[in-house]
Each structure stands twice: as C-alpha cells, then as structure tokens.
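K.L.:
Provide a 3D model corresponding to the input given below.
(one chain, ligands or ions: 2)
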Amino acid sequence: MNNETTQKRTNYIEWEEYFMATAFLAAQRSKDPHYQVGACVVNEDKKIVGIGYNGMPLGCPDDDFPWGKSAEASEVLETKSLYVCHAEMNAIVNKNAADVRGCTIYVGLFPCNECAKIIIQSGIKNVVYLSDEKAHKPNYIASKRMFNAAGVLYRQFKPKRDKIVIDFTQDNWEESPAKLRIS
Ligand SMILES: O=c1ccn([C@H]2C[C@H](O)[C@@H](COP(=O)(O)O)O2)c(=O)[nH]1
Ligand SMILES: [Zn+2]
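P.N.:
Numbers count the residues shown, from 1 in each chain. Ligands and ions are numbered 1, 2, ... in the order given. Got it, this is the predicted structure:
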C-alpha cells in the first residue's frame, strides 16, 4: 500500500516566527555575557535584507575589549558600553539591499535611543520586539518618543509557542524530515 501523503505540511512556522527566530539565532553569535540581542530586517516582499547581533566593531578583537557593564565613571573606558555595536545597527549596516526603507525590523529587545535614531534615519517603518524589559529607562522612553513622532510603528511579538528547537541530528531524512521541533 502506498501511504505517501499528498497533503501539505501544516506544522510549519509562520512568517513572524521565522523572522523572530532568525533574530534569535543571530543573537547566539553574541559574545556579550549578559545580553545576547539579534535583529532581522525584512522588506515588504518578506525577504530578509539584513541580520545582526550585538558585538564589537570590525577590527576590535572580542578578547581585547571589555565585556563588563557596571563601573565607576572613571572606569567607563573599561566597560562594553562605549564599544559594542548594537544588533539593530549591525543588521542595518549589514544590509544586502540598496536600502531598508519601508522595512520591518525584528529584534529580541526593544531598541535603545541610539538604535531608534538609526532605525528612523534608515527609513524602517515597523519594529517588532520580544522583550521590553528596559522600558523604564530614560533612553528607552526616548526611543518611544522618537518612534511616535516619526511615525515608526512598534509592537510586541506574542509567540504562539514557547520553543523552536533546531536539532542537527539526522538519522533518516525521509521518515523524520525537518528536524525542527516546535513546541
Ligand atoms: O538597542 C539595543 C540595546 C542593547 N543592545 C545590546 C548591547 C549590549 O551588548 C546589551 C546590553 O545593553 P546595555 O546598554 O549594556 O544595557 O544589549 C542591543 O543590541 N540593542
Ligand atoms: Zn541600541
């Protein structure tokens, strides 16, 4: 008996899950011991045109620059804050399209004021974020003020599932095709 299925799969991830998961995968490249942030820029045709994560600038070795955060004002040069490129900035400068006007940026953490400025100036029109845990801080309040004034729409991503797990072990491709566990 031929039990080949002719129906399409139904357990596939939705576009928004795909873009946010791409941002989260990029975040796994981050060397920041406290925050791993990823960002994914998507155009109006649902094509990914830029990906980035928080990291040291090109030519600034991860092992030579500081990753600590708190310090006396006199020691600020030995904190990451003066050096790290934020995920949003990297995703925008890494773009593989002429520009990112009208795009949506998917990001794990609501953008800070510096990223908000770059987002606005680049022409990105929508921000989809997961965490807003820094919302009480002045620079994040400033981000919302600028987005509101500039007409950049922002909304929180509400995941329909807790996990998307990528598993590279592949015993039998046909019997268990995509080793992507969704829960
Ligand atoms: O818009 C943002 C804000 C922060 N990040 C990254 C940069 C740092 O590595 C961490 C923590 O930020 P702090 O300013 O030290 O709190 O998160 C980012 O990528 N994008
Ligand atoms: Zn930022």
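K.L.:
three-state assignment of the most centrally placed residue in the chain?
P.N.:
In the chain, the residue lying closest to the centroid (CA atoms, centre = their mean) is Ala39, at 2.2 Å. At Ala39, secondary structure determined by DSSP: H, G, I helix; E, B strand; the rest coil is strand.
K.L.:
hmm, it is touching Ile105, no?
P.N.:
Yes: counting by CB atoms under 8 Å, Ile105 is a contact partner of Ala39 at 5.7 Å. To be clear about C-beta, it is placed using only N, CA and C from the backbone, and glycine gets the same treatment.
K.L.:
common neighbours of these two, please.
P.N.:
Counting by CB atoms under 8 Å, 6 or more residues apart in numbering, the contacts common to Ala39 and Ile105 are 88, 91.
K.L.:
for this protein, which residues are neighbours of ligand 2?
P.N.:
With CB under 5 Å from the ion as the criterion, the chain meets ligand 2 at residues 86, 112, 115.
K.L.:
which of the residues you listed fall within helices?
P.N.:
The helices, defined by DSSP state H, take in Cys115 from the residues of the chain next to ligand 2.
K.L.:
quick one: which of the residues of the chain next to ligand 2 is the most crowded by neighbours?
P.N.:
Cys115 (25 neighbours; other CB atoms under 10 Å).
K.L.:
Asn90 is in contact with that one, correct?
P.N.:
No: look at Cys115 against Asn90 with CB under 8 Å: they stay out of range, at 10.0 Å.
K.L.:
apart from its chain neighbours, what residue comes closest to Glu14?
P.N.:
Lys160 (7.6 Å; CB to CB, 6 or more residues apart in numbering).
K.L.:
what helix or strand is the one you found located in?
P.N.:
Of the helices and strands defined by DSSP states H and E, none includes Lys160.
K.L.:
looking at it now. What's its pLDDT?
P.N.:
Per-residue pLDDT puts Lys160 at 93.
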